[in-house]
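*Asks:* Kindly return the folded structure for what I paste below:
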Amino acid sequence: MSVPAESLQSWVGRTEARADTIGATPARALAATLDRDESGPVPGSGSGFGPGTPLPALWHWLYFLPLTRARDIGPDGHARRGGFLPPVPLPRRMWAGGRLQYRAALAIGDRVERRSTVERVEAKQGRSGELVFVTVRHEFLRAGDALPALTEWHDIVYREPPRPGAAAPAPLPAPAEAAWSRTWHPDDVMLFRYSALTFNGHRIHYDRRYVTEVEGYPGLVVHGPLIATLLLELLQSQRPQALLASFRFEALRPCFDGRPLAVHGRPQDDGGVAGRVVLWACDDAGALAMRAEAVLAPPASPAR
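*Replies:* Residues are numbered from 1 along each chain as shown. Coordinates of the predicted model:
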């Protein structure tokens, strides 16, 4: 790398804060993008997104958006590096995964502050070349609360472009015996709308010439956060009243527009963890593209 890995460590501990109000319009727009029958938090509920309506899990990604000025955008559509995030010189940047812990749900109308800290910057040598992992911790505090309603760890990976003639990594086998499944067909319109909703200028999601000619992918890349959201859409369709205690996901393989994307899940109450659900996504070849685990909060005790 042109920037020594040691110098990137100076970004560890950097912080920033953003405040936002959880408005109804972004939530309704995502519901439309996901083709929900009703614009409510539970498919088919018809309850809408009125004030006080709990925001579905992961939909907080529609808020606290970095409004980078046009002059500060890099060639890949992201903000130029070296601001809050370190100036990693590797060209490919992807959302590698994340971990979330819920104390309370955010709701429509809440005024929330997101406090972000760069927790880790780590360089590694992988099978495909150099990698740099950056982990950012986000804490979401509602107005008047002393403790975060939600704490999230966001893992970003930077990597080299593929080497000419290099073999693609072998796909990982997907779990068997899904209890629930659904197949999506992400197209360029769906990816464009999700990019717009999250103010994500990364060109790999909507610029076909750039993604194929510059980054060497065979098509538009489905957003990792969108795949994670589709996994929880599947869970919510099966457990509509359940609340999340925690969720973790890991992106393993890119998926592309115009190809079917299957999401699966099953309960797995083992290891002493009640309410544990395993979820996964597979690409059009059946290869494991994302794996995840959700832990549901225990039911509230009846009032006495």
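*Asks:* pretty sure residue 222 is touching residue 255, no?
*Replies:* Yes. Residue 222 sits in contact with residue 255 when judged by CB atoms under 8 Å, with a separation of 4.3 Å. To be clear about C-beta, it is placed using only N, CA and C from the backbone, and glycine gets the same treatment.
*Asks:* what residues are shared contacts of these two?
*Replies:* Here residue 222 and residue 255 have 186, 261 as joint contacts, going by CB atoms under 8 Å, 6 or more residues apart in numbering.
*Asks:* measure stretch 104-112 end to end?
*Replies:* With CA to CA, to the nearest Å as the measure, the ends of stretch 104-112 fall 12 Å from one another.
*Asks:* neighbouring contacts of that stretch?
*Replies:* With contacts defined as CB under 8 Å, 6+ apart, stretch 104-112 is touched by 19-24, 27, 49-55, 57, 60, 63-64, 140-143, 149-150, 243.
*Asks:* Filter these down to just the ones in helices.
*Replies:* Using DSSP state H to define helices, the subset of the contacts of stretch 104-112 located there is 24, 27.
*Asks:* Quick check on the contacts of stretch 104-112: which are buried?
*Replies:* Among the contacts of stretch 104-112, those scoring as buried are 20, 22, 24, 27, 49, 53-55, 57, 60, 63-64, 140-142, 149-150, 243 (criterion: 16 or more other CB atoms under 10 Å).
*Asks:* So which of the residues you listed are in strands?
*Replies:* Among the buried ones among the contacts of stretch 104-112, the members falling in strands are 20, 140, 141, 142, 150 (criterion: DSSP state E).
*Asks:* What residue, apart from its backbone neighbours, is nearest the last one spatially?
*Replies:* Using CB to CB, 6 or more residues apart in numbering and skipping the chain neighbours, the partner closest in space to residue 150 is residue 140 (4.3 Å).
*Asks:* What are the neighbouring residues in contact with the one you found?
*Replies:* By CB under 8 Å, 6+ apart, the contact list for residue 140 reads 60, 106, 112, 113, 114, 148, 149, 150, 151, 152.
*Asks:* tally of neighbours for the fifth one?
*Replies:* This points to residue 114. Counted by other CB atoms under 10 Å, the residues lying close to residue 114 total 19.
*Asks:* For it, which non-adjacent residue is closest in space?
*Replies:* In space, not counting the residues next to it along the chain, residue 114 is nearest to residue 64; the distance is 4.5 Å by CB to CB, 6+ apart.
*Asks:* ok, the one you found - contacts?
*Replies:* Residue 64 is in contact with 18, 20, 112, 114, counting by CB under 8 Å, 6+ apart.
*Asks:* Likewise for residue 157?
*Replies:* Under the criterion of CB under 8 Å, 6+ apart, the neighbours of residue 157 are 93, 94, 96, 131, 132, 133, 134.
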